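Student: All I have is the shape, not the residue letters:
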């Protein structure tokens, strides 16, 4: 027995920033605590300092999982420890690596990994799991999208690293088809996204709770007056990519709002990635919302602007879910905002890219309501109109499928439960 308490390391999770990462991390912790409340976690976060301020649970230890840390600290020391182990010497390691070495497993909760066209992310995908492998720690890739693997470098690296994982949980049929095509020998199972199991009590941070409560009370009141609430969750990454391609992402969203603004509708525009006060774009949809708000203010009348509420401050996953629960329909460019909508059976449309959206929507028979942000503006508008017309049917479909999806998601925690049983 390596520890007095079971210990897992987690890579790919954080609290601040990407609230999808928070949803996954908090769900992992609470699902495992439901099986053994004494379990501890080493979380290698890209925002360790901020996460320590937000979460004070003594069972969670936040350490640096930044690209710099894994490349210049974790990997070289793990490699050195591996070399010493060949001559039966257990090299003393600093806390971040010794905790990893003593873990039952490394749980990788990266949302999408080893995907073509993401070269910098590919190297992070490698260096975030390779140190654990060098230290002899089993790597479990919890539900995530992988692939495609068309490029030689990605295919070669993926074959070497993925084959060394204890098990891979594929997030859907498209990811599974990529694995079957290129790596038929891999051990994987399908399991839906971790965040489908998220509960509001799982969030351990308190971030602008009063503001969120005031907003949701206002939205509930508007809904009681007969108004439909349409939520928009934009993405700073889609905004950035659109600018590079000469596309007008704020304009696309404005046209969607204008197409339904004369209906009995109220809008709420809110983030799923927040780093209030930070100027860096990464994981910070607040900056996208401010840019969109500025664009809308130049195009809409004061009366029209009164029909829109804006959230441009930090909210945690619980806040995202509370707002989403108030919505009659949701349009998003963020994967885990989509998961929040689907989990709450709120009709959801996606303006994004990548197979990760389609394979999850397909579980609900709603994949046709995902469209690439580069598509023609008119096509996006037409899909939006169809989406609003069909939203009652979509809600019915979500209600009929959600328990099955949650059951598939639970399979990965049943796997971990067997590991815990072997600990004692």
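Tutor: Everything's here; your move. Everything quoted here is computed from the prediction, not taken from an experiment.
Student: distance of residue 13 from residue 278?
Tutor: Separation of residue 13 from residue 278 (Cβ to Cβ, to the nearest Å): 19 Å. To be clear about C-beta, it is placed using only N, CA and C from the backbone, and glycine gets the same treatment.
Student: Can you classify residue 330 by secondary structure?
Tutor: Here residue 330 takes the strand state, with states given by DSSP: H, G, I helix; E, B strand; the rest coil.
Student: Can you report how many residues lie near it?
Tutor: Counted with other Cβ atoms under 10 Å, the neighbours of residue 330 add up to 26.
Student: same thing with residue 340?
Tutor: Using other Cβ under 10 Å, residue 340 has 30 other residues around it.
Student: secondary structure element for it?
Tutor: Using DSSP states H and E, residue 340 sits within helix 335-343.
Student: contacts for that helix?
Tutor: Under the contact criterion Cβ atoms under 8 Å, 6 or more residues apart in numbering, helix 335-343 has outside partners 18-20, 23-24, 111, 193, 195-196, 198, 231, 233, 272, 317, 320-321, 324, 327, 330, 332, 346-348, 350, 352, 356-357, 360-361, 364, 398, 402, 405-406.
Student: Against which helices or strands is the biggest strand by length in the chain packed?
Tutor: Criterion DSSP state E: the longest strand present in the chain is strand 139-146. Here strand 139-146 touches strand 105-108, strand 112-113, helix 119-134, helix 152-162, strand 167-170, helix 173-182, helix 355-362, helix 391-423, going by 3 or more Cβ pairs under 8 Å, 6 or more residues apart in numbering; DSSP states H and E.
Student: Tell me the strands beside it, with direction?
Tutor: Strand partners for strand 139-146, identified by DSSP bridges, are recorded as strand 105-108 (parallel), strand 112-113 (parallel), strand 167-170 (parallel).
Student: quick one: average pLDDT of the last one?
Tutor: If I follow you right, that is strand 167-170. Strand 167-170 carries an average pLDDT of 98.
Student: Generate JSON lines for the strands paired with strand 139-146, with distance to residue 370 and mean neighbour count as supplementary columns.
Tutor: Output for these, formatted as JSON lines (distance: least, Cβ to Cβ, whole Å; neighbours: other Cβ atoms under 10 Å):
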{"stretch": "strand 105-108", "distance to residue 370": "25", "mean neighbour count": "24"}
{"stretch": "strand 112-113", "distance to residue 370": "15", "mean neighbour count": "22"}
{"stretch": "strand 167-170", "distance to residue 370": "18", "mean neighbour count": "23"}
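Student: still on that earlier bit, going through the contacts of helix 335-343, which ones are buried?
Tutor: Buried members of these, counted by 16 or more other Cβ atoms under 10 Å: 18-20, 23-24, 111, 193, 195-196, 198, 231, 233, 272, 317, 320-321, 324, 327, 330, 332, 346-348, 350, 352, 356-357, 360-361, 364, 398, 402, 405.
Student: right, and residue 321 touches residue 198 too?
Tutor: Yes - using Cβ atoms under 8 Å, residue 321 is in contact with residue 198, at 7.4 Å.
Student: was I right about residue 199 contacting residue 29?
Tutor: No - look at residue 199 against residue 29 with Cβ under 8 Å: they stay out of range, at 11.8 Å.
Student: These two: who's more crowded?
Tutor: Higher neighbour count among residue 199 and residue 29: residue 29, with 23 against 13, using other Cβ under 10 Å.
Student: So if we follow the domain assignment, how does this structure break up?
Tutor: Taking automatic domain parsing as the domain assignment, the ranges for the chain are 7-199+405-423, 208-346+348-389.
Student: that older thread, which one's more surrounded, residue 13 and residue 278?
Tutor: When residue 13 and residue 278 are compared for neighbours, residue 13 comes out ahead with 31 against 16, by other Cβ under 10 Å.
Student: Need the nearest residue in space to that one, chain neighbours excluded.
Tutor: residue 25 (3.2 Å; Cβ to Cβ, 6 or more residues apart in numbering).
Student: give me the low-pLDDT residue ranges for this protein?
Tutor: 1-3, 424 (pLDDT under 70).
Student: Backbone dihedrals for the residue lying farthest from the centre of it, both of them.
Tutor: Largest separation from the mean C-alpha position in the chain: residue 87, at 41.4 Å (Cα atoms, centre = their mean). Backbone geometry at residue 87, expressed as degrees, to the nearest 10, gives phi -110, psi 30.
Student: Next: residue 351.
Tutor: Residue torsions, per degrees, to the nearest 10, at residue 351 are phi -120, psi 100.
Student: Report the beta-bridge partners for it.
Tutor: Under DSSP bridges, the beta-bridge partners of residue 351 are residue 371.
Student: quick one, what contacts it?
Tutor: Counting by Cβ under 8 Å, 6+ apart, residue 351 touches 238, 252, 331-333, 371-373, 380.
Student: Can you tell me how far it is from residue 408?
Tutor: Taking Cβ to Cβ, one finds residue 351 at 26 Å from residue 408.
Student: that older thread, what residues does the residue farthest from the centre of the chain make contact with?
Tutor: Residues near residue 87 by Cβ under 8 Å, 6+ apart: none.
Student: Likewise for residue 356?
Tutor: Applying Cβ under 8 Å, 6+ apart to residue 356 gives the contacts 111-112, 145, 171-172, 335.
Student: Need these in JSON lines (columns: distance to residue 126).
Tutor: Below are those laid out as JSON lines (distance: Cβ to Cβ, whole Å):
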{"residue": "111", "distance to residue 126": "16"}
{"residue": "112", "distance to residue 126": "15"}
{"residue": "145", "distance to residue 126": "17"}
{"residue": "171", "distance to residue 126": "20"}
{"residue": "172", "distance to residue 126": "23"}
{"residue": "335", "distance to residue 126": "22"}
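Student: From those, pick the one nearest residue 420.
Tutor: Looking at those and their distance to residue 420, the nearest is residue 171, at 23.3 Å (Cβ to Cβ).
Student: wait, isn't that closest one in contact with residue 142?
Tutor: No - counting by Cβ under 8 Å, residue 171 does not reach residue 142; the two are 9.3 Å apart.
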